[in-house]
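Asks: model the structure of this input:
(one chain, ligands or ions: 1)
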Amino acid sequence: MSVQEMDLGFDPDELREKYRIERDKRLRGDANEQYQEMVGDFTHYVDDPYIGEEIEREPLTDEMDVIVIGGGFGGLITGARLKESGIDRVRIIEKGGDFGGTWYWNRYPGAACDVESYIYLPLCEELGFVPKEKYTHAPEILEHSHNIGKKYDLYKDACFQTEVTGLEWDEQAGNWIVRTNRGDAMRARFVAMSNGPLNRPKLPGINGIGDFKGHTFHTSRWDYAYTGGGPEGGLDRLKDKRVGVIGTGATAVQCVPHLGAGAKELFVFQRTPSSIDVRDNRPTDPEWAAGLKPGWQKERMENFNTLTSGGIVEEDLIQDGWTEIIRNLISMANYRGKGLQRSEIAEMMELADFQKMEQVRARAQEIVNDPDVAESLKPYYRQFCKRPCFHDDYLPTFNRDNVHLIDTDGKGIDEITEQGVVANGELFELDCIIFATGFEVGTDYTRRSGYDLVGKDGLKLSDKWADGMRSLHGLHTRGFPNLFIISNAQAAFTTNFPHAMDESAQHISYIVNQCLSGNISTIEPSEEAEDAWVQEIISQARLSESYQASCTPGYYNNEGKPNPVSVQNATYGKGPNPFFKLMKAWREEGGMQGLELS
Ligand code: NDP
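Replies: Now for the predicted structure:
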C-alpha cells in the first residue's frame with residue numbers, strides 16, 4: 001500500500017504548511033543573541049539559595065592525580081569510575097554546596113526526571129539501588145547523587161562552593177594548575193571537565209527586565225522562602241499572590257501545576273507551546289525490582305538508545321513516549337510490507353511524526369475545556385524540534401479559574417515594567433515573576449564554563465575553538481595535554497545523557513590508568529587524528545541540516561539561525577551505541593591510537 005492510499009486522518013501537505021507558518025512567526029534576526037546573560041546587574045539571579053553555611057577554608061596548593069570540574073552526574077560518574085579502578089587522589093570541584101549538578105540547582109516544585117529513572121540514574125547496580133518510581137522525583141535523584149559521593153569516597157577531597165576561574169598547563173611540571181575563586185592554585189596531572197550542558201540560566205533580553213519592583217527568580221534557583229512549600233508542592237505563601245511564569249518548556253510544564261494550585265492568580269506567558277504527551281508515572285513494582293538480573297541497567301540503557309536512534313530491537317523494554325515514535329515508524333514500515341529506500345524511510349518518519357503530534361494536539365483538545373485555550377496549547381512542529389514533554393497535570397491546570405494562559409502567538413512578551421509583564425499590548429500586574437526561560441546553549445564553551453584554559457605555548461581554548469570545536473572523540477584537544485572534556489559535542493548524543501557520561505568516564509579511567517601504570521606522563525591527540533575526527537563529525541552531521549532548518553526556533557536549532565559552526569560542533573551522527581562501540585574497540589586495540597604519548 002502506498003502512502004497516498006493510507007488512511008492517515010490528516011493531510012500531510014496542510015500540516016507541512018501550518019508548521020512552516022508557525023516557524024516563520026518565530027524566526028528572528030537576533031536568534032541566540034536575544035537572551036540576557038546573567039552578568040552585571042543580573043548576577044543575583046544565580047546566587048545559591050540552597051547553601052546552608054558558607055564553607056570557610058584556606059586556599060589549596062596541593063596536587064591530585066585527577067581534578068574533575070563539576071559535581072553533577074558527569075563528575076560523579078568520572079570520580080566513581082576512577083576510584084573503582086584504584087585511583088584515589090581524585091578531587092571534584094563544585095560551585096554548589098554539594099554534589100548533584102542539575103539536581104542540586106533544579107529543585108523547583110514538581111521537578112522529576114523525564115527519562116525513565118531505571119536508565120537515567122547512574123550506577124544503580126553498583127549502589128544496589130532501584131528508584132522508587134518509573135520517573136522519580138528530584139529529591140530522590142539528589143539523594144542518589146549524594147550516595148554516589150559517599151559510596152566512592154568522593155567527599156573526602158571534594159571542594160564545594162568553589163568556582164574554577166582558570167586552568168593553566170605547566171609544561172615543565174607536566175601538570176595543570178587549577179585556579180579558583182577561593183584563591184586555590186591546586187595542581188593535577190589530569191583534569192576532566194564536566195561543566196554540564198545546561199548549567200548557565202538565561203533570561204529573556206527584553207526591555208525593562210531590570211525594572212520590576214515585585215519579587216522575581218529563575219526556576220533553577222527556586223525561592224521557597226517566598227513561595228512556601230517544597231519540591232512536592234504546597235506553595236502556601238502564594239495564596240494571596242498574582243504570579244507570572246515566563247516560558248513553557250520542560251521546566252514550566254513540571255512546576256506550573258503546583259503554581260496553579262498555590263497561587264491566587266497564575267499567568268502563564270507562552271511563546272511556543274510544548275508537546276505534552278502522556279506521563280503515566282507509577283511506583284516501582286518491588287517484585288519486578290527483586291527479579292532484576294545482573295547487567296539489567298546496561299541492557300536497558302542500550303535498548304533505549306537503539307530505539308531512540310531508529311534501530312530495531314526484539315523488545316522495547318522502556319515502553320514510553322521517547323521510544324513510541326520509533327515503534328510507530330516500525331509499524332508503519334511493516335504496513336507497507338516491504339523493504340524501504342532511505343527516502344521512503346524519511347517520508348515514513350515524517351508521517352509517523354505527524355501522527356504522533358496529531359495525538360498530542362488531540363490530547364490538548366480533549367483535556368482543556370476552553371477550545372481557544374486548547375488551540376493555543378497545540379504545538380505545530382515536528383516532535384523533536386523541541387524537547388518533548390510528558391505530563392498528566394499540566395494541561396488540566398488550564399481548566400482552573402485562577403490560571404490564565406497568555407499566549408503571545410509566537411512573539412513572546414513585549415516588556416517588563418515596574419508593575420508586571422506586558423504581553424499582546426496588555427499589562428498584567430504581578431507580585432512575582434518566575435523565569436522558566438531555560439539555560440544557555442550554543443554560546444561559546446568557555447563562556448558557559450566560566451573560565452578559559454591556557455594550554456601549551458600559551459594557547460587559549462577560546463582561541464583554538466573560535467571557528468569551531470576541534471577534538472579527538474570529543475574528549476581530547478591538541479595543545480591541551482592530559483585534559484578530558486565531557487560533553488556531547490563531537491561525541492555521543494543520547495536523550496539519556498548520563499549513559500553517555502558513564503561511557504566517557506570509563507574511557508577516561510582506562511586512559512588515566514594506562515598512563516599511571518605505563519609511565520606515560522602526557523597524552524594529547526595528534527594533528528592527523530584530530531583532523532580526521534573533525535571530518536568524521538562534519539560528514540555525518542550534515543544529515544540533519546534540512547530537518548533543523550524546518551524546525552520552529554529553539555535551542556535544538558540555535559534559535560532558528562544556523563550557527564556556522566553547528567555542523568562542526570555537532571554530535572556523532574551515527575548514534576550513541578555505534579560511538580560507544582567505537583570507543584570500546586579503541587580501548588581493546590591498545591596503543592591509544594591517535595594520541596601522542598610522552
Ligand atoms: P527551555 O529553554 O526549554 O524553555 C524556555 C522557555 O522560555 C520556552 O518556552 C521559551 O519559548 C520561553 N521564552 C524565552 N524567551 C521568551 C520570551 N521573550 N517571551 C516568552 N517566552 C520566552 O527551558 P527549560 O528550563 O524549560 O528546559 C531546558 C531543558 O532542561 C529541557 O529542554 C530539558 O532538556 C531539561 N529539562 C529536563 C527535565 C527533565 O528531565 N525532567 C525537566 C526540565 C528541564 P520558545 O519555546 O518560544 O523559545
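Asks: count the neighbours of Asp467 for me.
Replies: Asp467 is flanked by 10 other residues according to other Cβ atoms under 10 Å. All C-beta spots, glycine's among them, are computed from the backbone N, C-alpha and C.
Asks: tell me the buried residues in stretch 511-530?
Replies: Ile511, Val512, Gln514, Cys515, Leu516, Ile520, Thr522, Ile523, Glu524, Pro525, Ala529, Glu530 (16 or more other Cβ atoms under 10 Å).
Asks: pLDDT for those residues - can I get that in a markdown table?
Replies: Shown next, in a markdown table, are the buried residues of stretch 511-530 (pLDDT from 0 to 100):
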| residue | pLDDT |
| --- | --- |
| Ile511 | 98 |
| Val512 | 98 |
| Gln514 | 97 |
| Cys515 | 97 |
| Leu516 | 96 |
| Ile520 | 97 |
| Thr522 | 98 |
| Ile523 | 98 |
| Glu524 | 98 |
| Pro525 | 98 |
| Ala529 | 98 |
| Glu530 | 98 |
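Asks: going by distance to Ala111, which of those residues wins?
Replies: Closest approach to Ala111 among those (Cβ to Cβ): Val512, at 33.7 Å.
Asks: the buried residues of stretch 511-530 in strands, which ones?
Replies: Ile523, Glu524, Pro525 (DSSP state E).
Asks: among those residues, which are within reach of the ligand?
Replies: Restricting those to those near the ligand by Cβ under 6 Å from any ligand atom leaves nothing, as none qualifies.
Asks: nearest to the ligand among these?
Replies: Each of these was scored against the ligand by Cβ to the nearest ligand atom, and Pro525 proved nearest at 29.6 Å.
Asks: quick one: the closest residue to the closest one other than its chain neighbours from the ligand, how far?
Replies: What sits nearest to Pro525 in space, not counting adjacent residues and going by Cβ to Cβ, 6 or more residues apart in numbering, is Leu472, at 3.8 Å. Leu472 is 27 Å from the ligand, where distance means Cβ to the nearest ligand atom, to the nearest Å.
Asks: need the contact list for Leu472.
Replies: Arg478, Pro525, Ala529, Glu530, Trp533, Gly594, Leu595 (Cβ atoms under 8 Å, 6 or more residues apart in numbering).
Asks: equivalent analysis for Phe212, please.
Replies: Going by Cβ under 8 Å, 6+ apart, the list of residues near Phe212 reads Ile416, Thr417, Glu418, Gln419, Gly420, Leu430, Ile433.
Asks: any chance of those residues in a markdown table, plus neighbour count?
Replies: A markdown table is the format used below for the contacts of Phe212 (neighbours: other Cβ atoms under 10 Å):
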| residue | neighbour count |
| --- | --- |
| Ile416 | 23 |
| Thr417 | 17 |
| Glu418 | 10 |
| Gln419 | 15 |
| Gly420 | 20 |
| Leu430 | 24 |
| Ile433 | 22 |
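Asks: circling back: give me the phi and psi angles of the residue nearest to Pro525.
Replies: Backbone geometry at Leu472, expressed as degrees, to the nearest 10, gives phi -110, psi 120.
Asks: could you do Gln36 as well?
Replies: Per degrees, to the nearest 10, the backbone of Gln36 is at phi -90, psi 120.
Asks: was I right to think it contacts Lys202?
Replies: Yes - with contacts counted by Cβ atoms under 8 Å, Gln36 reaches Lys202, the gap being 6.8 Å.
Asks: which of these two has more neighbours?
Replies: Set Gln36 next to Lys202 and count neighbours by other Cβ under 10 Å: Lys202 wins out with 23 against 18.
Asks: near the ligand, which residues of the stretch 301-450 of the chain?
Replies: Contact residues, the stretch 301-450 of the chain versus the ligand (Cβ under 6 Å from any ligand atom): Arg387, Gly412, Ile413, Ala436, Thr437, Gly438, Phe439.
Asks: next, count neighbours for the second one.
Replies: Close neighbours of Gly412, defined as other Cβ under 10 Å, add up to 19.
Asks: how about the nearest residue to it, chain neighbours excluded?
Replies: Arg271 (4.3 Å).
Asks: that neighbour: neighbour count?
Replies: Around Arg271 there are 21 other residues, counting by other Cβ under 10 Å.
Asks: for it, give me the pLDDT.
Replies: Looking at Arg271, its pLDDT reads 98.
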